[in-house]
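**Student:** After the sequence you'll find the predicted model.
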Amino acid sequence: MRKLVLNNHNEIDILGLGTYETKCEEADVAISTAMKEGYRLYDTAQVYKNEKQVSEAIKQTGIARGDVFITTKVSTSNQGYAEAMASVRESLKVMDLEYLDLVLIHWPGAKGIDLQSPQNKSLRHGSYKALLELQDEGVVRNIGVSNFMCTHLRDLFEEFDKKPQVNQIELSPLCYPKDVVAFCQENNVVVQSYSTLGRGYLLSEEYLQKYPQLKKMKEKGSLANQILKWSMNKDCCVIPKSVHPERIIENLKALDQELDPEDEEYLNNFPLEHRTCWDPHTIA
């Protein structure tokens, strides 16, 4: 498995398993399959309401804790110093873990706060301060943010000396924030991509008919793996979510996938922009 080096000299796999919308009863099969195939990076979050099941499924595989990389996220309802501190400790308790490999602030805004309120900034900075202290304590190995755009990152860098290790963002040919990717990489922050396949839109029959180049790419091999490779070629981690064993196995082949230069250029400049998740640009 190819790894990326974080700005604190720790490492992260370039491909892992996402668990968004993974039902509790689906976690066992998905994670046992993933472990057998060589996945070691698993991404969950408080708002997914499956932290306990993901952790239990990982433990049931018998793989040593030190060989597994587990990520969770502080929810918007737990934004702020005290709230984030308690939130991470609760995740550790729920998951029955002594430490977490990566904790992210899930969103730059706070639940119940007006999108343009300056309180969003003070609360997320409070959350980040808590993560820094938890990292110093050793119960969180790496810290990061999620859905932070350039303005949120600049604010953070002005306030704190230590930069996050990771920024997890929506990143796909449909939603390719080049400014954020460039800014993160200039500042030695690893970008982790979610919804890399555009929540399935890019693989749909509608898109194959509407965008002939996608159809041509599919004729060469797995379209999904070519798109995952597109992201990895940018030194961005990918965490495709699946609960289907065959899909989990297939996604791993993206590591060795070939991507023709003309197809890569096409994906770089896809003719449609479509964010499939919430837009963090609206958060002050």
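**Tutor:** Perfect, I can see it now. Numbers count the residues shown, from 1 in each chain.

**Student:** alpha carbons only for contacts and neighbour counts from here, please
**Tutor:** OK.

**Student:** Next, count neighbours for Cys24.
**Tutor:** 16 (other Cα atoms under 10 Å).

**Student:** Name all residues that make contact with it.
**Tutor:** Cys24 sits next to Asn50, Gln53, Val54 when contact means Cα atoms under 8 Å, 6 or more residues apart in numbering.

**Student:** same thing but 6 Å
**Tutor:** Asn50, Gln53 (Cα atoms under 6 Å, 6 or more residues apart in numbering).

**Student:** One more: Asp155?
**Tutor:** Asp155 neighbours (Cα under 6 Å, 6+ apart): none.

**Student:** Helix or strand: which one has it?
**Tutor:** Secondary structure assigned from DSSP states H and E places Asp155 in helix 150-159.

**Student:** now the strands for this protein?
**Tutor:** Ranges of strands in the chain, per DSSP state E, are 3-5, 11-13, 17-18, 41-43, 69-74, 100-105, 140-146, 166-170, 190-194, 237-238.

**Student:** So for Asp279, which of the ones you listed sits nearest?
**Tutor:** strand 166-170 (9.4 Å; Cα to Cα).

**Student:** The closest one to strand 140-146, inter-axis angle?
**Tutor:** Angle, strand 166-170 to strand 140-146, by axes from the mean of the first three to the mean of the last three Cα atoms, to 10 degrees: 40 degrees.

**Student:** What mean pLDDT does strand 166-170 get?
**Tutor:** Regarding strand 166-170, the rounded mean pLDDT is 98.

**Student:** Can you list the strands that that strand pairs with?
**Tutor:** Under the criterion DSSP bridges, strand 166-170 sits next to strand 140-146 (parallel), strand 190-194 (parallel) in its sheet.

**Student:** Can you lay out these as a markdown table showing mean pLDDT?
**Tutor:** Below are the strands paired with strand 166-170 laid out as a markdown table (pLDDT from 0 to 100):
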| stretch | mean pLDDT |
| --- | --- |
| strand 140-146 | 99 |
| strand 190-194 | 98 |
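
**Student:** can you put those strands in a markdown table and add distance to Phe69?
**Tutor:** A markdown table is the format used below for these (distance: least, Cα to Cα, whole Å):
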| stretch | distance to Phe69 |
| --- | --- |
| strand 140-146 | 10 |
| strand 190-194 | 14 |
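
**Student:** and Ala254, which of those strands is closest to it?
**Tutor:** Closest among the strands paired with strand 166-170, once you apply Cα to Cα, is strand 190-194, at 14.3 Å.

**Student:** Dump the closest one to CSV, restricted to CA.
**Tutor:** Taking C-alpha atoms only, strand 190-194 is exported to CSV below (Å, rounded to 0.1, in the frame of the first residue of the first chain):
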residue,chain,number,x,y,z
VAL,A,190,-2.4,16.1,3.1
VAL,A,191,-5.7,16.3,1.2
GLN,A,192,-8.1,13.4,1.7
SER,A,193,-10.8,13.0,-0.9
TYR,A,194,-14.4,12.0,-0.2
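
**Student:** can you list contacts of it?
**Tutor:** Contacts with strand 190-194, where a contact means Cα under 6 Å, 6+ apart, come from Val166, Asn167, Gln168, Ile169, Glu170, Leu171, Cys236, Cys237, Val238.

**Student:** how far is it from where the chain is centred?
**Tutor:** Offset of strand 190-194 from its chain centre (Cα atoms, centre = their mean, to the nearest Å): 5 Å.

**Student:** One more: stretch 190-205?
**Tutor:** 11 Å.

**Student:** before we move on, the earlier item: could I get the strands paired with strand 166-170 as JSON lines with distance to Leu100 and mean neighbour count?
**Tutor:** Shown next, in JSON lines, are the strands paired with strand 166-170 (distance: least, Cα to Cα, whole Å; neighbours: other Cα atoms under 10 Å):
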{"stretch": "strand 140-146", "distance to Leu100": "5", "mean neighbour count": "24"}
{"stretch": "strand 190-194", "distance to Leu100": "17", "mean neighbour count": "25"}
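
**Student:** for those, which one sits closest to Gly80?
**Tutor:** Short answer: strand 140-146, nearest of the strands paired with strand 166-170 by Cα to Cα, at 13.6 Å.
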